[in-house]
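# Any chance you could fold what I've pasted below:
(one chain, ligands or ions: 1)
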Amino acid sequence: MENPKRFYITTPIYYVNDIPHIGHAYTTTACDAIARYKRMKGYDVRFLTGTDEHGQKIQAAAEAKGETPQQFVDRIHQTFRDLCKLLNASNDDFIRTTEERHIKTVQAIFAKLIEQGDIYKGTYSGYYCIPDETYVPESSMGPNKTCPDCGRPLTVMEEESYFFRASKYVPQLIDYYEKNLKAVMPKIRYNEIMSFLRSGVRDQSVSRTSLKWGIPVPGDEKHVVYVWFDALVNYVTSAGYLDDPEKFNYWWPHVRHMVGKDIIRFHCVIWPLMLLALGINLPVEIFAHGWWTVDGEKMSKSKHNVVDPFKTVKEYGLDPFRYFLLREVPFGNDGDFSELALVGRINSDLANDLGNLLNRTLQMIRSYRGGLVPSCSETKSELSELSSKVLERVDEAMNDYAFDEALKTIWEFIGRSNKFIDETAPWKLAKDESQGERLDFVLLNLYESLRLSAMLIAPVMPDTAKRIWTQLGINDDPSKAQYDSFKWGEGSGRTIGTSEVLYPRIDIEAWKKSKEEKKLQEEQNNSAPVEHEAEISIDDFRTVEMRVARITKCEEIPKSKKLYKLEVDLGYEKRTVCSGIKAFFSTEELIGKTVILVTNLKPVKLCGVESNGMILAASVKKDGVSEQLTLVEPEDKTIPLGSRVS
Ligand code: ME8
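The predicted structure is shown next:
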């Protein structure tokens with residue numbers, strides 16, 4: 001056990017160019033559950049979350065909306081605050097990287113590292129992934145010079161840059177990790193980081209001249225600080241690194257970071273190297289969780305399968321959502337989200353196991369003891385003995401961030417308590433007056449089992465825990481209780497409250513039917529407000545000449561974000577065509593495609609390139625911007641090029 005009992009937990013700070021989704025909800029919920037748990041174990045807890053508001057992606061997203069970056073981040077960051085509220089997160093601070101306290105801290109740290117020679121000026125040239133804002137070493141590039149993470153084409157960049165002397169501190173970090181085997185969890189990530197570190201780490205470029213939306217480098221304002229350097233510093237900013245040394249010393253030695261597995265190199269390599277350079281101690285633990293897919297597929301905007309926490313919570317309730325996230329998948333592994341699985345958990349674990357135990361117990365206390373929780377001379381039972389083991393096992397699991405294990409253990413206890421009812425058959429005892437004391441014993445034990453179970457689930461389902469305690473006749477908030485002061489038997493003498501169904505069972509068949517109807521309705525709604533063009537005659541239509549063509553070349557147009565310059569082969573001639581489909585395809589995907597070309601359009605110049613035709617595509621547009629797009633292709637690809645389409 002840590003002494004003094006302090007616990008400082010952080011989520012990553014979320015990029016505000018995206019809307020909150022299940023991934024953000026996941027990390028925040030996990031951190032909240034552990035923060036609540038530690039508070040109930042007597043720890044002084046600090047829980048930090050916030051938003052990452054600088055960098056290329058944000059600047060581009062603001063431009064696309066026609067707003068200044070500041071207006072944009074002021075507006076969007078609010079959705080992440082709303083997410084915290086929605087999730088009932090008990091965070092103590094919400095940091096924004098555009099706040100003054102943070103800007104000052106980043107600049108002070110940058111200046112300190114320049115002064116001590118750990119940041120120096122040089123020239124950087126390399127392959128850069130603009131959407132991911134990262135240089136990609138040649139050794140990790142994907143096929144045809146693409147980004148290994150997102151698959152998009154890389155751009156060659158050369159710029160004057162400040163470099164952080166990361167390489168200098170690598171041996172020290174390896175040594176630290178060798179001595180602290182749980183500093184990076186789970187084990188698979190620890191191993192990944194160790195082999196990465198052992199393969200060597202280059203000095204890191206930590207400034208950019210190519211964009212404006214960032215924190216100016218102190219004393220050299222044509223550079224802005226690289227967004228990851230800026231973002232990582234948030235953890236010390238919030239703890240008072242710059243202006244509150246007492247606060248900083250109080251919290252920093254107890255810091256833990258929770259992150260998704262995709263950002264471990266930044267958190268387990270770059271950040272600790274920065275801390276070593278600054279002479280600040282390293283995080284106690286960094287835990288990397290897995291990724292959610294949705295119905296077996298990668299979540300993406302283009303697939304329209306992004307899980308919106310606001311919608312899901314509205315439909316199924318907050319606590320079931322929190323429970324599902326932490327129960328369904330061993331923390332650290334990847335998981336698959338499906339509404340059907342969520343409904344399954346609600347029915348089996350919440351309505352059935354927990355709901356039944358509560359209903360049956362309260363019903364019996366009401367019928368057999370007039371709503372008064374009985375007392376008895378001997379309270380020790382199989383359940384009370386199991387309860388101490390449960391408390392220990394839950395503690396072990398929570399210390400390892402094994403939320404699913406902790407919940408499984410609690411549900412085994414709930415299951416055992418339900419079985420206890422069947423075994424002791426209180427309805428039979430109630431018929432026999434000589435069994436009065438035995439009935440008291442059984443009812444008290446069941447009551448205690450519920451009182452404890454509610455307390456144990458409070459970190460994950462704070463509202464449900466409170467609702468259970470209210471029904472048990474306890475007016476306190478279980479989230480404020482302390483596990484270590486729980487005493488089996490102390491529930492006797494209370495009068496139970498009014499019963500209500502905790503979670504009604506969802507009728508799966510009716511649910512499936514209503515989902516199908518809703519989907520149909522949505523499809524109809526989407527197609528309803530179609531705006532039709534004016535009628536044309538067949539002769540008008542015949543004036544449009546369309547032919548089968550094949551894309552033979554595809555190049556980027558440096559001045560354009562949307563256009564590709566394509567060469568298309570019509571069989572009888574080759575033409576240059578500009579097409580605004582860059583957001584949907586890589587150059588490699590397009591080369592070789594058989595498409596339909598409108599061949600008699602007047603040539604136009606687009607971004608300096610003459611375009612001689614138009615490729616047909618179907619698209620879904622929102623606010624005039626294509627969200628989904630597919631090319632029209634002839635089914636039989638052997639049809640000769642140049643064939644007329646009519
Ligand atoms: O990375 N399943 O921010 P972010 C699970 N600003 N987790 C997911 C996920 C999914 N499908 N998709 C995303 C950043 N995440 C930086 C952090 S910290 C100094 C800077 C997780 O908004 C992802 O793994 O892109 C990450 O932990 C978190 O969401 C924030 O991602």
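
# drop to CA atoms for contacts and neighbour counts, all remaining ones
Fine.

# Output the set of residues of the stretch 1-150 of the chain in proximity to the ligand.
Applying C-alpha under 6 Å from any ligand atom, one finds that the stretch 1-150 of the chain approaches the ligand through 12-15, 23-24, 52.

# now do 5 Å
Residues of the stretch 1-150 of the chain lying close to the ligand (C-alpha under 5 Å from any ligand atom) are 12-15, 23-24.

# In helices, which of those residues fall?
If you go by DSSP state H, these have 23-24 in helices.

# Pull the number of nearby residues for Lys621.
11 (other C-alpha atoms under 10 Å).

# CSV please, covering the residues of the stretch 1-150 of the chain next to the ligand and showing neighbour count and distance to Cys31.
As requested, these are exported to CSV (neighbours: other C-alpha atoms under 10 Å; distance: C-alpha to C-alpha, whole Å):
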residue, neighbour count, distance to Cys31
Pro12, 23, 10
Ile13, 23, 13
Tyr14, 19, 14
Tyr15, 22, 18
Gly23, 21, 13
His24, 21, 11
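
# Adding pLDDT, write the residues of the stretch 1-150 of the chain next to the ligand out as TSV.
Formatted as TSV, those follow (pLDDT from 0 to 100):
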residue	pLDDT
Pro12	98
Ile13	98
Tyr14	96
Tyr15	95
Gly23	95
His24	97
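
# Can you tell me which residues in the protein are near the ligand?
So far as C-alpha under 5 Å from any ligand atom goes, the chain lies against the ligand at 12-15, 23-24, 231-232, 259-260, 291-292.

# circling back to that earlier point, out of the residues of the stretch 1-150 of the chain next to the ligand, which comes closest to Ile174?
For these, the closest approach to Ile174 (C-alpha to C-alpha) belongs to Pro12, at 23.3 Å.

# Make sure Ser90 is actually in contact with Leu48.
No. With contact defined as C-alpha atoms under 8 Å, Ser90 does not count as touching Leu48 (9.2 Å).

# neighbour-wise, which of those two wins?
Leu48 (26 against 18).

# Distance from the helix or strand that contains the more buried one to the middle of the chain?
Take DSSP states H and E as the rule and Leu48 turns out to sit in strand 44-52. Distance, stretch centre to chain centre, for strand 44-52: 15 Å (C-alpha atoms, centre = their mean, to the nearest Å).

# cool, stretch 16-26 as well?
In this view, stretch 16-26 has its centroid 5 Å away from the chain centroid, taken as C-alpha atoms, centre = their mean.

# in it, what counts as buried?
16-17, 20-26 (16 or more other C-alpha atoms under 10 Å).

# Could you list every helix and strand in contact with the lowest-mean-pLDDT helix or strand in the chain?
Here the helix or strand of the chain ranked lowest by mean pLDDT, DSSP states H and E is strand 134-136, holding a mean of 80. Counting contacts by 3 or more C-alpha pairs under 8 Å, 6 or more residues apart in numbering; DSSP states H and E, strand 134-136 packs against strand 119-129.

# Can you tell me the strand partners of the strand it packs on and which way each runs?
Strand pairing for strand 119-129, determined by DSSP bridges: strand 134-136 (antiparallel), strand 155-164 (antiparallel).

# most tightly surrounded among those strands?
strand 134-136 (a mean of 20; mean count of other C-alpha atoms under 10 Å).

# circling back: would you single out the least confident of the strands paired with strand 119-129?
When the strands paired with strand 119-129 are ranked by mean pLDDT, strand 134-136 comes last with a mean of 80.

# what does it rub up against?
126-129, 147 (C-alpha atoms under 8 Å, 6 or more residues apart in numbering).

# for stretch 182-197, same thing?
By C-alpha under 8 Å, 6+ apart, stretch 182-197 touches 170, 174, 177, 181, 261, 264-265, 268-269, 283-288, 332.

# Okay, buried residues for it please.
Using 16+ other C-alpha under 10 Å as the test for burial, stretch 182-197 gives 182-186, 189-190, 193-194, 197.

# cool, stretch 315-322 as well?
318-322.

# who are the neighbours in contact with Glu160?
When contacts are counted by C-alpha under 8 Å, 6+ apart, Glu160 is found next to 121-124, 208-209.

# Any chance of CSV for those, columns pLDDT, distance to Val225 and neighbour count?
Shown next, in CSV, are the contacts of Glu160 (pLDDT from 0 to 100; distance: C-alpha to C-alpha, whole Å; neighbours: other C-alpha atoms under 10 Å):
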residue, pLDDT, distance to Val225, neighbour count
Lys121, 96, 13, 14
Gly122, 94, 14, 11
Thr123, 91, 15, 11
Tyr124, 84, 14, 17
Arg208, 91, 6, 24
Thr209, 90, 9, 17
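
# Now for the residue of the stretch 101-250 of the chain found nearest the ligand, how many residues are close by?
Closest to the ligand within the stretch 101-250 of the chain is Leu232: 4.0 Å, counting by C-alpha to the nearest ligand atom. Number of residues near Leu232 (other C-alpha under 10 Å) recorded here: 21.
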